[in-house]
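Novice: the sequence and its predicted three-dimensional model are supplied below.
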Amino acid sequence: YISGATELRRRSCQMVFSIMIEGLAKLLAPILPHMAEDIWLNLPYDTSASSVFRGGWPDRKFPGHREADWETIIQLRDDVNKALEVARQ
């Protein structure tokens, strides 16, 4: 570790990792229940739920994607793939 135990940089990284691992365990629970529960029970800190199945789904809210942007990206990808196919021949 290059940061002190109470420094903002280190605490910020730890918070991001805790959000990621808890979210991953919750998303894996329906598919790999034993692995998700094992992850949950071995977290190195206390959680609000005793089991991953009592923790609910991840509750972070993210802004929705903009459909027009994705249509442009997909069209660009298709054009690039066509050009690559022509170049291969």
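Specialist: Yep, it's here. Residues are numbered from 1 along each chain as shown.

Novice: tell me, what residue is most central in the chain?
Specialist: Met20 (5.5 Å; CA atoms, centre = their mean).

Novice: what is the burial count for Cys13?
Specialist: The local packing of Cys13 (other CB atoms under 10 Å) involves 13 other residues. The C-beta positions use only the backbone N, C-alpha and C, and glycine is treated the same way.

Novice: I should have written Lys26 there, sorry.
Specialist: 20.

Novice: wait, it sits on Phe53?
Specialist: No: with contact taken as CB atoms under 8 Å, Lys26 and Phe53 are classed as non-touching, separated by 9.0 Å.

Novice: which neighbouring elements make contact with the helix or strand hosting Ser18?
Specialist: Secondary-structure assignment from DSSP states H and E places Ser18 in helix 8-28. Using 3 or more CB pairs under 8 Å, 6 or more residues apart in numbering; DSSP states H and E as the contact definition, the elements that helix 8-28 packs against are helix 33-41.

Novice: what does the helix holding Ser18 contact?
Specialist: Counting by CB atoms under 8 Å, 6 or more residues apart in numbering, the neighbours of helix 8-28 from elsewhere in the structure are 1, 3-4, 35-36, 39-40, 43, 45, 47, 52, 55-58, 60.

Novice: try 10 Å this time
Specialist: Outside of helix 8-28, the residues that reach it under the criterion CB atoms under 10 Å, 6 or more residues apart in numbering are 1-5, 7, 32, 34-45, 47-49, 52-53, 55-60.
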